[in-house]
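Asker: Sequence below, structure please.
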Amino acid sequence: MVGSVVAYSNAVKEQVLKVRHNTLVNYGAVSEQTAQEMAKGVQLLLGSDVALSETGIAGPTGGTPKKPDEF
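Answerer: This is a model prediction of the structure:
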């Protein structure tokens with residue numbers, strides 16, 4: 001199946017993509033760990049061989065050295 005998921009909210013990340021709540025609490029929505037779980041979740045959801053994800057902070061500013069704009 002071919003498709004995509006736009007998951008702005010943590011609820012969509014958890015309920016649709018099956019990102020663990022603990023991952024979001026411990027690492028945040030903008031983290032490598034969350035991005036990995038999102039990719040795995042969309043792969044399982046769509047039954048695809050390959051999946052990718054990106055997570056980031058919306059807007060022209062917002063990233064910091066500690067929390068970059070995207071993963």
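Asker: So, low pLDDT: which residues of this structure?
Answerer: 59, 62-63, 67-71 (pLDDT under 70).
Asker: need the helices for it, in chain order.
Answerer: 10-15, 21-27, 32-46 (DSSP state H).
Asker: wait, what's in contact with the residue lying closest to residue 13 once chain neighbours are set aside?
Answerer: Once flanking residues are discounted, residue 13 sits nearest to residue 19: 4.2 Å by Cβ to Cβ, 6 or more residues apart in numbering. C-beta: built from backbone N, CA, C; applies to glycine. For residue 19, the contact set (Cβ atoms under 8 Å, 6 or more residues apart in numbering) comprises 10, 13, 34, 37, 38, 41.
Asker: Same question for residue 34.
Answerer: Here residue 34 is in contact with 13, 19, 23, 24, 27, 28, 55, 71 (Cβ under 8 Å, 6+ apart).
Asker: that older thread, can you go through the contacts of residue 19 and name the buried ones?
Answerer: By neighbour count, with 16 or more other Cβ atoms under 10 Å, these hold 13, 34, 37, 38, 41 as buried.
Asker: ok, now how distant is the second one from residue 1?
Answerer: Residue 34 is 23 Å from residue 1, where distance means Cβ to Cβ, to the nearest Å.
Asker: The third one now?
Answerer: The gap separating residue 37 from residue 1 is 20 Å, by Cβ to Cβ.
Asker: Tally up the residues packed near residue 30, please.
Answerer: 18 (other Cβ atoms under 10 Å).
Asker: wait, it sits on residue 56?
Answerer: Yes: contact criterion Cβ atoms under 8 Å: residue 30 and residue 56 qualify, at 5.9 Å.
Asker: Now stretch 34-51: buried residues?
Answerer: Applying 16+ other Cβ under 10 Å to stretch 34-51 flags 34, 35, 37, 38, 39, 41, 42, 43, 51 as buried.
Asker: Can I get that stretch in CSV? Just the C-alpha atoms.
Answerer: Provided in CSV are the C-alpha atoms of stretch 34-51 (Å, rounded to 0.1, in the frame of the first residue of the first chain):
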residue,chain,number,x,y,z
THR,A,34,10.4,9.4,18.2
ALA,A,35,11.3,9.6,14.5
GLN,A,36,12.5,6.0,14.5
GLU,A,37,9.2,4.8,16.1
MET,A,38,7.2,6.9,13.7
ALA,A,39,8.9,5.3,10.7
LYS,A,40,8.4,1.8,12.1
GLY,A,41,4.7,2.7,12.9
VAL,A,42,3.9,3.9,9.3
GLN,A,43,5.7,0.9,7.9
LEU,A,44,3.5,-1.5,9.9
LEU,A,45,0.4,0.6,9.3
LEU,A,46,0.8,0.6,5.5
GLY,A,47,2.6,-2.7,5.2
SER,A,48,5.5,-1.2,3.3
ASP,A,49,9.0,-2.4,2.9
VAL,A,50,10.4,1.0,3.4
ALA,A,51,9.3,4.0,5.5
